[in-house]
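Novice: based on what follows, work out the 3D shape:
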Amino acid sequence: LGTGSTCSGAPGFMAPIEAKVRHEEAVRVGTEIINKVIYALNTIVMLENNPAEFDRHLDFVLNLQESPTELQFFIETIPPESVKTVAEFKDVWQKNANRFKYRKRDVTNWIVESYSDINCQRTITLHGLGHTYGVFADTLPDGTPVSLGFHKSKTFLDFDRIQVVIVETSAN
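Specialist: Alright, predicted model coming up:
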C-alpha cells in the first residue's frame, strides 16, 4: 500500500492506520486458523472408532492446503515422515490414533514470520509453538504392544512446531 491508497476506499491519509489494522486482522485470523487446525487434529486422534467424524475433521485440515495434489505436511516422527498425499496423511493420523489412549495439543505461543499486503491481498506466515500431552495405549487394535520409542514412560509431554501460511485469494 502506498501512503495515498487504501483497500477500504477510505481517504489516503488513513492508509497508515488501515495498514496496521489489516496486519492485526491477518494475525488474528491466522491464529484462529492455527487453533482450529490443532482442534481438528486433536479430534482426529480421538475418533479412530468413528470414521464419519474422523473424515469430517480430516477434510477440514486437508481443505486448507494450497494444492490438494501436493500437500505441505511434514510430520516430525522418528524417522521423519514427509506427507505428500491424502492417503499418506490419513495413514499417519490413523497410526497416531491407534498408538495413543489420549493426546491433547495446545498452541502456547506464536510469532509472525512474514507478512505482505500487495494490491490488497495479504499473505501471512505464522509459526506456532505448542506442547502435546499424551498417554500411549497399551496395545494396537491387532493386539501388538505399543512401542514407546525414545519415551521413558507411557505418559509424555512433547513440544510441537506448527507453521501456517495464509494467502488471501482476493482483495478483502
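Novice: make it CA atoms for all contacts and neighbour counts henceforth
Specialist: Noted.
Novice: who does whichever strand or helix holds Asp117 pair up with?
Specialist: Using DSSP states H and E, Asp117 sits in strand 100-118. Paired strands of strand 100-118, with direction, are strand 121-136 (antiparallel) (DSSP bridges).
Novice: got the contact list for the strand holding Asp117?
Specialist: Outside strand 100-118, the residues within contact range by CA atoms under 8 Å, 6 or more residues apart in numbering are 1, 23, 27, 31, 34-35, 38-39, 42, 45-46, 122-138.
Novice: 7 Å instead, please
Specialist: Strand 100-118 is contacted by residues 1, 35, 38, 42, 122-137 when judged by CA atoms under 7 Å, 6 or more residues apart in numbering.
Novice: shouldn't Asn96 be within a helix?
Specialist: Yes - Asn96: assigned to a helix according to DSSP: H, G, I helix; E, B strand; the rest coil.
Novice: near it, how many other residues are there?
Specialist: Neighbourhood size, Asn96 [other CA atoms under 10 Å]: 17.
Novice: buried members of the contacts of strand 100-118 into PyMOL, please.
Specialist: Burial among the contacts of strand 100-118 is assessed by 16 or more other CA atoms under 10 Å; the matching PyMOL selection reads:
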select buried, resi 35+38+42+122+123+124+125+126+127+128+129+130+131+134+135+136+137
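Novice: and the helices in the chain?
Specialist: 15-45, 51-62, 86-99 (DSSP state H).
Novice: format those helices as CSV; extra columns: mean pLDDT and distance to Glu168.
Specialist: Shown next, in CSV, are the helices of the chain (pLDDT from 0 to 100; distance: least, CA to CA, whole Å):
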stretch, mean pLDDT, distance to Glu168
helix 15-45, 87, 9
helix 51-62, 79, 17
helix 86-99, 79, 24
